[in-house]
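>>> sharing a sequence plus its predicted fold:
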Amino acid sequence: MSDDHSLELSCPLPTLRQQTIALAHGGGGRLMQELIRQTFLPAFDNAWLAQLHDGAVLPVDGGQLAFTTDSYVVQPLFFPGGDIGRLAVYGTVNDLAMCGAKPLYLSAGFILEEGLPLETLMRVVTSMAEAAQAAGVAVVTGDTKVVDRGKGDGMFINTAGVGLVLQEAAVAPQRVRSGDAILLSGDLGRHGLAVLSVREGLAFAGDIRSDSAPVHTVVEDLLSSGIEVHCLRDLTRGGLASALNEIAAAARVAMAVDERAIPVSEPVRGACELLGLDPLYVANEGRFVAFVPESEAYKALTIMRRHEVSQGAAIIGRVMDSEERAVVLMTVLGTKRFLDLLSGEQLPRIC
Amino acid sequence: MCLAVPGRIVSVGDDALKTGKVSFGGMIKDVSLALVPEARVGDYVMVHVGFAISTVDEGAALRSIELFKAMTARNRSDTAPAEGEGGTTP
Amino acid sequence: MKYVDEFRDRGAAEAMANAIRRSVTRPWTLMEVCGGQTHAIVRFGLDELLPEKLTLVHGPGCPVCVTPVGLIDQAVALASWPHVIFCTFGDMLRVPGSRRSLFDAKAAGGDVRLVYSPLDALALARSHPDREIVCFAVGFETTAPAYAMAVKEAARLRLSNFSLLVAHVLVPPAMEAILSAPGNRVQGFLAAGHVCTVMGYTQYELLAAQYRVPIVVTGFEPLDILEGILMLVRQLEEGRAEVENQYVRSVRRQGNEAATALLAEVFEPSPRAWRGIGEIPASGLRLKPAYAAYDAALKFQRELAQTTGNTEEDPECRSGLVLQGLLKPTECPAFGVRCTPERPLGAPMVSSEGACAAYYRYRKPAMHETSGSREDER
């Protein structure tokens, strides 16, 4: 509650001078309207949203539509290099890019916990607006709900997004072929460790910032260059190892990856060594893998390295012709081991 | 068990736990130096669960590394001359 | 990373592997005691570099795997009380007790927190004076000094809401148990380098002499382990049974005297049951009477008495044999079939450095038909 002692005797209802989210903000009444008008509208600022209708009717050129959704529950809400809002926009933008689509429009659904400081909400929304602008997308529709104190972790966000597919041929695991080169867009582990670095019990300092960033411009560049892009996948939870395993399973192929080719920065390595984490399983945000025919690998690499978000791109392996549908890693010593899915989240270890 | 990792002491504290800052490739963690009273800024220490348990004997480490280099060189000249970089493991 | 990368050099690893190959004239069975070494061996594929005549068996050096079921049940009980904040290392979270793990307790609403260091738990005790902070003190001699320090600091700060559920175990009694067991095949040991960083290695000299086994104190990087194996093989081939130190950059013969003094002040040896193996005398640690106020088992004795411990293992689980090096995980009929990391029968399949988990994660069963699938190495 605000400690402003000047009472507005003529207005019995609490106004937005309240400093925290109350259950009433989700009630569909005047307070919610005020919240929308004073927080979301000015931030996302577009004609569709201003209509304040149930949904947005959008013009689309002929072709195929890509559609995706994701929910964001990260704790803490703010971490070096980003926040939940930035993740929510770039995450969905990137999922559309992974379908080979140009991201166009986003929806944003908020589940807010009673007691959340309004200032926190505004920080997140401002961050989302900046991200949307940087990515060239508009947040055209949304929803707000409020849950009881103790039931919400501060804030959850869901974003869904639509985009226009750019390439005739699908960009999907089913198109991956034996002999395809596997490209990684940059170094691993930044996001997961950035979040860990501000978590109680595991905190550390140093220059590790989340790599949350939009990758759709480099994807558009790849698609318009004439390269036959077979598959794209952004690396999120579960890291590189999980993404490769998922694609290997969906595409029914085997893969061979060279540990020496996988870029990992020194501070990330140091943190992983100390906490007993394997960087191949740590979460990333602005990173993706691309599967292209071997003959196009260097061309693709050159294009990727021209963009800041993928300037550290590397060719890390190839798709193999093999009975065993597994991802095999060649270690720094030249020996081999499987890179498998973990059963759950990777945990720091001391042993 | 016992994951302990070498890091470089960046600063030394004077609280009861002698909490210092240790750098692991640029990642900085608070570490208790109470068990290594002889350690100084710039020294390397082995760190386990937030405690330095030994100072790294850099002389010994360098001798080990030199030994490895010598073994590598001898091994390269002993094995087939046609072998390139990253040779096969028999 | 300095003092890490140089010990992962590929050329040197090949040279070391060749030196081992040249030294071996007869079959030898070696054991690496420490789970961290097991993890490194499997992660870097070191056993691929060793000659067939050398058999590497993995020992009980996984304190997570050997923590008795009864203690885990006590941990789960404590974690389930609303006024308790239960602190644990990540390693222990998924290990099943007789019915549940700490992860299950957390999912059911228990305040279970992952910490990297006992000092993090101490900080929680200071910032939450209204809660009871209980720490699962798991680990070998390497970790015990950290807990000893935390307890001393708690005493200095006069904290009344901090206590340890002590589960520490000691290495030398375990090694002796293995050596004296009938059917023991282990002919040489790689001793745990970080345990010895704290304790030194004088305790092993008696074992080496008594049982006539060579023991090499070994580090954890690939080149450390390979060099340790080379030193062990040379001793065996030459008929020697001495204690040697490979891990010279971290281990001194007398160990870390500040740490051992601290241990002697706060802890004393106690009997301890090792999960899957049974009780080994004087193989655990407990808090000395002067520090009884920080012993969670005493502090919450009355409440814990209500935890009925069905401390029996799943009868199909052969973890005891695996931990003593008498069975390779892949030789266990349940491996990968009825026992997986998602549905483990026992601890070594869950712990990140348990032998079973290491094999499962890095080597699927098919991989262990040696030749065949590995023929396509370029």
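Looks like it came in fine.

>>> tell me, how many residues neighbour residue A:318?
Around residue A:318 sit 18 other residues, with neighbours defined as other Cβ atoms under 10 Å in any protein chain shown. C-beta: built from backbone N, CA, C; applies to glycine.

>>> give me the element it is part of.
Residue A:318 belongs to strand A:314-320 when assigned by DSSP states H and E.

>>> parallel or antiparallel, list what pairs with the helix or strand that that strand is followed by.
Of the helices and strands lying after strand A:314-320 in sequence (DSSP H and E), the nearest is strand A:327-330. According to DSSP bridges, strand A:327-330 forms sheet pairs with strand A:254-258 (parallel), strand A:336-338 (antiparallel).

>>> can you tell me which of those the model trusts least?
When the strands paired with strand A:327-330 are compared on mean pLDDT, strand A:336-338 scores lowest, with a mean of 90.

>>> once you drop chain neighbours, what's closest to the residue in the stretch 251-351 of chain A positioned nearest to chain C?
Closest to chain C within the stretch 251-351 of chain A is residue A:335: 2.7 Å, counting by Cβ to the nearest Cβ. Closest residue in space to residue A:335, ignoring its immediate chain neighbours: residue C:45 at 2.7 Å, by Cβ to Cβ, 6 or more residues apart in numbering or on different chains.

>>> isn't the one you found right next to residue A:337, touching?
Yes. If you go by Cβ atoms under 8 Å, residue C:45 and residue A:337 touch, sitting 5.3 Å apart.

>>> any idea how far the strand or helix carrying residue C:283 is from the chain center?
Assigned by DSSP H and E, residue C:283 belongs to strand C:278-287. Distance of strand C:278-287 from its chain centroid, counting by Cα atoms, centre = their mean, to the nearest Å, is 15 Å.

>>> for residue B:37, grab the count of nearby residues.
Applying other Cβ under 10 Å, I find that residue B:37 has 10 neighbouring residues.

>>> tell me the contacts of the residue of the stretch 201-350 of chain A found nearest chain B?
Relative to chain B, the nearest point of the stretch 201-350 of chain A is residue A:270 (3.1 Å; Cβ to the nearest Cβ). Shown in contact with residue A:270 (Cβ atoms under 8 Å, 6 or more residues apart in numbering or on different chains): A:206, B:5, B:7, B:23, B:24, B:25, B:26, B:27, C:1.

>>> can you give me the pLDDT of it?
93.

>>> again, but for residue C:261
97.

>>> next one: phi and psi at it?
phi -60, psi -40 (degrees, to the nearest 10).

>>> do you know how far it is from chain B?
10 Å (Cβ to the nearest Cβ, to the nearest Å).

>>> ok, that residue - how many residues close by?
13.

>>> now do residue B:11
13.

>>> quick one, what contacts it?
B:20, B:21, B:41.

>>> cutoff 10 Å now
Listed by Cβ atoms under 10 Å, 6 or more residues apart in numbering or on different chains, the contact set of residue B:11 reads B:19, B:20, B:21, B:22, B:23, B:28, B:30, B:33, B:41.

>>> list buried residues within the residues you listed.
Buried residues within those, counting neighbours by 16 or more other Cβ atoms under 10 Å in any protein chain shown: B:19, B:20, B:21, B:22, B:23, B:28, B:30, B:33.

>>> now the helices for chain B?
For chain B, the helices defined by DSSP state H cover B:58-78.

>>> pick out the residue of it closest to chain C.
For chain B, Cβ to the nearest Cβ, closest residue to chain C: residue B:50, 2.8 Å.

>>> list the residues that contact that residue.
A:274, A:350, B:17, B:19, B:22, B:29-32, C:115-120, C:146, C:149-150.

>>> residue C:56: which element?
Using DSSP H and E, residue C:56 sits in strand C:54-61.

>>> does the next helix or strand after that strand reach chain A?
Sequence-wise, the next helix or strand downstream of strand C:54-61 (DSSP H and E) is helix C:63-66. Yes. Helix C:63-66 comes into contact with chain A (Cβ under 10 Å from any Cβ of the partner chain), by way of C:63, C:64, C:65.

>>> wait, isn't the second one in contact with residue C:138?
Yes. Counting by Cβ atoms under 10 Å, residue C:64 sits close enough to residue C:138 to count as a contact (6.5 Å).

>>> quickly list what's touching both of those two.
Common neighbours of residue C:64 and residue C:138, counting by Cβ under 10 Å, 6+ apart, are A:350, A:351, B:1, C:72, C:89, C:91, C:92, C:95, C:167.

>>> TSV for those residues, including pLDDT, distance to residue C:23 and neighbour count?
Below are these laid out as TSV (pLDDT from 0 to 100; distance: Cβ to Cβ, whole Å; neighbours: other Cβ atoms under 10 Å in any protein chain shown):
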residue	pLDDT	distance to residue C:23	neighbour count
A:350	74	34	30
A:351	72	31	32
B:1	49	28	32
C:72	92	43	28
C:89	90	38	26
C:91	83	35	30
C:92	88	39	28
C:95	85	39	26
C:167	94	39	24
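
>>> and which of these is nearest residue C:186?
residue B:1 (18.3 Å; Cβ to Cβ).

>>> okay, now the unreliable bits of chain B?
Confidence mapping of chain B against pLDDT under 70 gives the ranges B:1, B:80-90.
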